[in-house]
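Student: Build me a model:
(one chain, ligands or ions: 2)
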Amino acid sequence: MKMGLLAWLASPCCGEPMRYARLDRMPDPKADIEDGALACGSCRCEYPILAGVPRLLPPGEADRRVAATSRSFTWEWTRYPGTPAEDERIFLEECQLEPSDFKDKKVLDAGCGMGRYSLAAASLGAEVTAVDLSESWAALVPVARETPSLHVVQGDLLHPPFQAAAFDLVYSHGVMHHTRDTRQAFLAVAKLVKPEGLLSVWLYGKAGRFADFATNPLRPDRVWVGRHRRLAWFVVGARHIVSDILRVFTTRLPLSLTYLLCYPLALLGALPLVKYLTFSVHPRFRVRLVENFDWLSPPFQYHHTKEELAAWCEAAGFDVVRFLPHGLVPKPGVLARKRRR
Ligand SMILES: C[S@@+](CC[C@H](N)C(=O)[O-])C[C@H]1O[C@@H](n2cnc3c(N)ncnc32)[C@H](O)[C@@H]1O
Ligand SMILES: [Zn+2]
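Tutor: Ligands and ions are numbered 1, 2, ... in the order given. As a prediction, the model looks like this:
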């Protein structure tokens, strides 16, 4: 952990600024802290720094499903083979931002997973803090040691360990629907954005009301979906029901068994048409394997509409800049700007 990060941190117990604990003197401002402790400036809570990462999870025993979420994503991301060539392109598309939007900005990757998009943002000139509940960032830590503009934190988006308005830009891609309460996670993360700063979020979608589905922004190449909205709506609803039934079992199995079940799904994912019955159609087998697991294993998986996202933006004091265009299955995604105070 770099000393400079301390200025942005806040305690997950009560939101107060943090200080170094159990140190006779302040370390060199340029030093990296490998092992140590931070303390809340207000109460007596202490948080360890282990292997270079401040562990800023809320005090107390984690809920059983939160602990399972953490285990599931640590399993997943430490097995993901990575697709570096694709990452920056997908990241920019999903953020709905230009490369120049990152230059010299303080950025938070909220729910960073293995950190593929933290690396993309850092390479575009941002100072990036990558935070995740799980230890999915294990492979990112050695990179952060060598990269002055990259920080790694363990934290929970429902109790984010950062000061309000600390960041120019916060993005959270495919994360909040895996927390206990998507709306609460959105509102907690939105507080971290500076006035006039940007927030980019996307969530899992659902069919919802047909009237809302019919106005979803579509990618220009999804002509079929545009022409057959009613059928598309039905397919999305049916797919959702099937997946919810499967997940009653797969979220309760040992991780290794769920992963084993993903092998046949990953094989089917290579077959024309049949592949659409699985949860990944990526051309690489190992990516399909992990993406199927990503769908079937995590305990929390909520689905939302762009109308919900728009209402949360309003509640948090943001103006919607634009919604993310997508394919058949809605992917409610928003780029929003925080209003001036
Ligand atoms: C599907 S992954 C997405 C990772 C990354 N954004 C990406 O697209 O590569 C979801 C991530 O959310 C994290 N996550 C789930 N609940 C969280 C919470 N309450 N606080 C922080 N991170 C959380 C998981 O550990 C996981 O790494
Ligand atoms: Zn405290």
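
Student: how close does residue 302 get to residue 78?
Tutor: 25 Å (CB to CB, to the nearest Å). To be clear about C-beta, it is placed using only N, CA and C from the backbone, and glycine gets the same treatment.

Student: Ramachandran angles for residue 162?
Tutor: Residue 162 adopts backbone torsions of phi -130, psi 160, taken as degrees, to the nearest 10.

Student: How much space separates it from ligand 2?
Tutor: According to CB to the ion, to the nearest Å, residue 162 stands 14 Å off from ligand 2.

Student: same check, this time on residue 46
Tutor: 10 Å.

Student: who's in contact with that residue?
Tutor: Neighbouring residues of residue 46 by CB atoms under 8 Å, 6 or more residues apart in numbering: 21-22, 37-40.

Student: what pairs with it across the strands?
Tutor: residue 39 (DSSP bridges).

Student: same thing with the one 10 residues further on?
Tutor: Applying DSSP bridges to residue 56 gives these bridge partners: residue 155.

Student: Residues touching the helix or strand bottoming out on mean pLDDT in the chain, excluding its own?
Tutor: Between all helices and strands in the chain, the lowest mean by mean pLDDT, DSSP states H and E belongs to strand 18-21, at a mean of 87. The contact list for strand 18-21, computed with CB under 8 Å, 6+ apart, reads 6, 9-11, 26-27, 33, 36-41, 46-47, 161.

Student: most neighbours, which of the contacts of residue 46?
Tutor: In terms of neighbours by other CB atoms under 10 Å, the contacts of residue 46 top out with residue 38 at 25 neighbours.

Student: these two touch, right, it and residue 5?
Tutor: No - counting by CB atoms under 8 Å, residue 38 sits too far from residue 5 to count as a contact (10.0 Å).

Student: May I ask which helix or strand encompasses residue 131?
Tutor: Per DSSP states H and E: residue 131 is located in strand 127-132.

Student: swap in residue 231?
Tutor: Going by DSSP H and E, residue 231 is in helix 229-250.

Student: Just the CA atoms of stretch 128-139, as CSV, please.
Tutor: The C-alpha atoms that make up stretch 128-139 are tabulated as CSV, following Å, rounded to 0.1, in the frame of the first residue of the first chain:
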residue,chain,number,x,y,z
VAL,A,128,-6.6,4.0,-10.4
THR,A,129,-7.8,2.5,-7.1
ALA,A,130,-9.1,-1.1,-7.6
VAL,A,131,-11.4,-2.3,-4.8
ASP,A,132,-13.0,-5.7,-4.4
LEU,A,133,-14.7,-7.7,-1.7
SER,A,134,-12.9,-10.9,-2.7
GLU,A,135,-9.2,-11.6,-3.2
SER,A,136,-9.8,-11.7,-7.0
TRP,A,137,-7.1,-9.0,-7.4
ALA,A,138,-4.3,-11.4,-6.3
ALA,A,139,-2.5,-11.1,-9.6
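
Student: That one vs ligand 1: in contact?
Tutor: Yes - using CB under 6 Å from any ligand atom, stretch 128-139 reaches ligand 1 at 132-134, 136.

Student: which of those residues tops the neighbour count?
Tutor: Taking other CB under 10 Å as the neighbour criterion, residue 132 ranks highest of those with 27 neighbours.

Student: Touching, that residue and residue 111? I think so.
Tutor: Yes - the criterion here is CB under 8 Å, and residue 132 meets it with residue 111 at 5.8 Å.

Student: Can you report phi and psi for whichever residue of the chain sits closest to ligand 1?
Tutor: Closest to ligand 1 within the chain is residue 113: 2.7 Å, counting by CB to the nearest ligand atom. Backbone geometry at residue 113, expressed as degrees, to the nearest 10, gives phi 60, psi -130.
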